[in-house]
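**Student:** fold the following and give me the result.
(one chain, ligands or ions: 1)
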Amino acid sequence: MGANDERPLRRWKVDMLALCSHHSFALAAWRPRIMSSRATREYRYEKLTWPEINEAIEGNQVCIVPCGAVEQHGDHLPLDVDLVCPGGIARGTGERMADKVLVLPTVPYGYTGHVMDFPGTVNTHYETFIRQVLDITKSLAYHGFKKIILLNGHGSNMPNLDLAARRTNLETDAECMLIAWWHLLTIDKEFLPGWRESEFPGGFSHACELETSLYLYLAEDDVRKDKIKNHISTLNDGNPYLWTDLLAKGPASLVSWTSTYSPRGVMGQPELATREKGEQVYQEAVRQMSDIVDFFRDRPRDTRAHHQASRPSMPIPWGQQDLPD
Ligand SMILES: [Zn+2]
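**Tutor:** Alright, predicted model coming up:
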């Protein structure tokens with residue numbers, strides 16, 4: 001057989017290889033389709049294609065939606081602290097368990113109207129904010145994702161995100177869980193007592209020991225280290241009612257303009273922050289977030305039952321889901 005005689009056979013081999021690599025039915029013949037999906041390796045939601053999103057839904061993946069704010073953080077931290085912190089923890093979780101989670105782009109603008117005395121802060125009307133988050137969760141639920149976690153990075157988003165999460169649970173057939181990243185550090189009761197040096201209450205609040213440490217770990221070059229200065233909120237003047245801390249509050253609250261209780265926008269003791277402490281916080285938060293994803297993903301749905309004597313004769317108002325027959 002001469003060299004020229006081999007050409008048809010070689011061309012046939014090349015054609016078959018091309019066919020195998022371009023048609024999923026050929027791949028499916030020798031390995032499960034889901035294993036070939038980028039959805040099991042890529043945690044960034046926006047990097048998938050629509051067929052890969054279908055595979056992520058089939059794989060019961062949990063969606064994490066980081067929610068933040070563009071807001072002043074004193075003289076020493078940039079405006080993006082509440083984006084960098086939850087975004088970094090979500091990214092770390094995605095890198096650990098890309099086959100189980102998808103991380104959405106961070107919602108950048110939050111509810112921060114009380115901070116508008118400081119330039120740079122960008123406020124979103126609370127109705128706009130709640131609606132935007134609901135638009136995201138409802139889009140996810142519509143496509144078929146049934147487990148959604150809002151990972152918050154900005155304290156004053158909480159009452160608004162609480163409403164957005166509740167409404168997602170009532171107005172879609174998905175389940176939506178809300179957690180602020182700093183609460184991840186309270187799950188292991190041993191962690192914070194061994195970590196925290198700042199006073200309680202007041203040492204943790206805003207641009208404080210905690211936020212500054214995590215930011216030092218995630219983006220050290222952006223910290224103006226020569227400008228770090230403590231300030232405890234003047235609401236913490238010893239009265240038993242209005243004291244505040246990131247992890248607990250007095251029995252009453254008087255949330256007014258930030259400039260009335262903090263002259264430079266800091267509340268807490270950032271002078272106690274270090275990069276090493278930030279790394280410990282990051283590792284602990286990612287570990288706890290990963291456990292929450294596993295717990296939530298495996299948790300069976302709770303069963304609903306209506307208790308009216310006879311079937312209601314009209315749809316439930318307010319856009320909530322009716323109980324199916
Ligand atoms: Zn913050």
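
**Student:** residue 157 and the ion, how far apart?
**Tutor:** Per CB to the ion, to the nearest Å, residue 157 is found 10 Å from the ion. For the C-beta atoms, the positions are set from N, CA and C on the backbone; glycine is no exception.

**Student:** quick one: residues contacting residue 275.
**Tutor:** 213, 216-217, 220 (CB atoms under 8 Å, 6 or more residues apart in numbering).

**Student:** which of those residues are buried?
**Tutor:** Taking 16 or more other CB atoms under 10 Å as the criterion, what is buried in the contacts of residue 275 is 213, 216-217.

**Student:** which one of those residues is nearest residue 225?
**Tutor:** residue 216 (8.5 Å; CB to CB).

**Student:** wait, that closest one sits on residue 282?
**Tutor:** No: Residue 216 is not in contact with residue 282 according to CB atoms under 8 Å; the separation is 10.4 Å.

**Student:** could you check the helix ranked longest in the chain and say which residues are buried?
**Tutor:** Scanning the chain for the longest helix, with DSSP state H as the assignment, gives helix 275-298. For helix 275-298, a neighbour-count test (16+ other CB under 10 Å) marks 277-278, 280-282, 284-290, 292-293, 296-297 as buried.

**Student:** got it, and stretch 193-210?
**Tutor:** 196, 198-199, 201-210.

**Student:** if I look at residue 207, how far off is residue 127?
**Tutor:** Distance from residue 207 to residue 127, counting by CB to CB, to the nearest Å: 28 Å.

**Student:** again with residue 257
**Tutor:** 21 Å.

**Student:** the two: who's more crowded?
**Tutor:** Using other CB atoms under 10 Å as the criterion, residue 257 and residue 127 rank with residue 257 on top: 13 against 10.

**Student:** and that one, how far is that from the ion?
**Tutor:** Separation of residue 257 from the ion (CB to the ion): 17 Å.

**Student:** who touches residue 48 in this structure?
**Tutor:** For residue 48, the contacting residues are 38-39, 42, 56, 102, by CB under 8 Å, 6+ apart.

**Student:** inside strands: which ones of these?
**Tutor:** residue 102 (DSSP state E).

**Student:** from the contacts of residue 48, keep the buried residues only.
**Tutor:** 39, 42, 56, 102.
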